[in-house]
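Trainee: need the 3D shape of this:
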Amino acid sequence: MTKRTLAVLAMGAAAGALPAAQGATLSYSAAEAMATTNWTDVLSFSKFDTSLGTLTSIRFDLTGVVQGIGNAESLDASPTSVTLSLGSLLGLTRPDHSTLVLANPVFSQNFDLMAYDGVIDFGGTSGATTGSVSASGANLFVSSDAGDLALFSAPGGGTIDLGLSASGNSYGSGSGNLITQFRTGAAGSAQVTYTFSPLATVAEPGSLALICGGLGLVGAARRRRKG
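Mentor: Numbering: from 1, shown residues only. Next up, the predicted model:
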């Protein structure tokens, strides 16, 4: 074994004992099933365990789904175009009820209606219905605020409760004399992702021995060469 090979072995052992320079991530998810709007619930997430390293940022992902039916009846004496929009506004909040991120899934459909046919039944030539429909929407927020980093971390981890709410946000437009009717439900899911710098890894006794042994072999090879 040459002196250069021994040196490479020693350097490789030393490098193996150094901490990783790149960041790491941990993600936790929770969800609320479909329920008639309006509703409010609480989702529990694991806090970041400070023994793992230094928390640098938190990403909050919120996905919402709206589902329901929209109906319309035009009372106008002439043909008109009507838009029915079924939506729900979902919000993820901190324990103090301040907003972290919002999502607004919306389904929209246009209808060309004739003059009022004399019957309010959301059908015929002057009525319309979307039938059962659904739509999804998502949004995210990344925080590196010192207050959030402290709020979402603790020695040993633990849990934190975040509020999740969904309110109906539906409307009809297009006719001067329009009757609308909506029935909606919403579901939501959230993910909290922690990005952190891992703590430096201390070299184990076996690694230290390998480093010292490798350096010793390099020195011995040099002495033999001089002799």
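
Trainee: my read: Met34 touches Thr184, true?
Mentor: No - taking contacts as Cβ atoms under 8 Å, Met34 lies outside contact range of Thr184: 10.2 Å. (C-beta placed from N, C-alpha, C; glycine too.)

Trainee: those two: which is more packed in?
Mentor: Thr184 (23 against 13; other Cβ atoms under 10 Å).

Trainee: returning to what we had before: between Met34 and Thr184, which contacts overlap?
Mentor: Gln67 (Cβ atoms under 8 Å, 6 or more residues apart in numbering).

Trainee: okay, now the unreliable bits of this protein?
Mentor: By pLDDT under 70, the weakly predicted segments of the chain are 1-22, 201-227.

Trainee: mind running it again at 50?
Mentor: Scanning the chain for pLDDT under 50 picks out 1-21, 208, 217-218, 220, 227.

Trainee: all the strands of it, residue numbers only.
Mentor: 24-36, 39-46, 48-49, 53-74, 80-93, 99-103, 106-113, 127-129, 133-143, 153-154, 159-168, 171-173, 178-198 (DSSP state E).

Trainee: geometric centre of this structure: which residue is closest?
Mentor: Closest residue to the average C-alpha location of the chain: Asp61 at 1.5 Å, with Cα atoms, centre = their mean.

Trainee: of all the strands of the chain, which one is nearest Ile120?
Mentor: strand 53-74 (5.1 Å; Cβ to Cβ).

Trainee: tell me the angle that closest one makes with strand 39-46.
Mentor: Calculated by axes from the mean of the first three to the mean of the last three Cα atoms, to 10 degrees, strand 53-74 forms an angle of 160 degrees with strand 39-46.

Trainee: tell me which residues of strand 53-74 come out buried.
Mentor: 53, 55, 57-74 (16 or more other Cβ atoms under 10 Å).

Trainee: which neighbouring elements make contact with that strand?
Mentor: In terms of contacts (3 or more Cβ pairs under 8 Å, 6 or more residues apart in numbering; DSSP states H and E), strand 53-74 is packed against strand 24-36, strand 80-93, strand 99-103, strand 106-113, strand 127-129, strand 133-143, helix 146-151, strand 178-198.

Trainee: now do it and strand 159-168, the angle between them.
Mentor: Using the same axes, to 10 degrees: strand 53-74 against strand 159-168 is 20 degrees.

Trainee: what pairs with strand 53-74, parallel or antiparallel?
Mentor: Strand 53-74 pairs in its sheet with strand 127-129 (antiparallel), strand 133-143 (antiparallel), strand 178-198 (antiparallel), by DSSP bridges.
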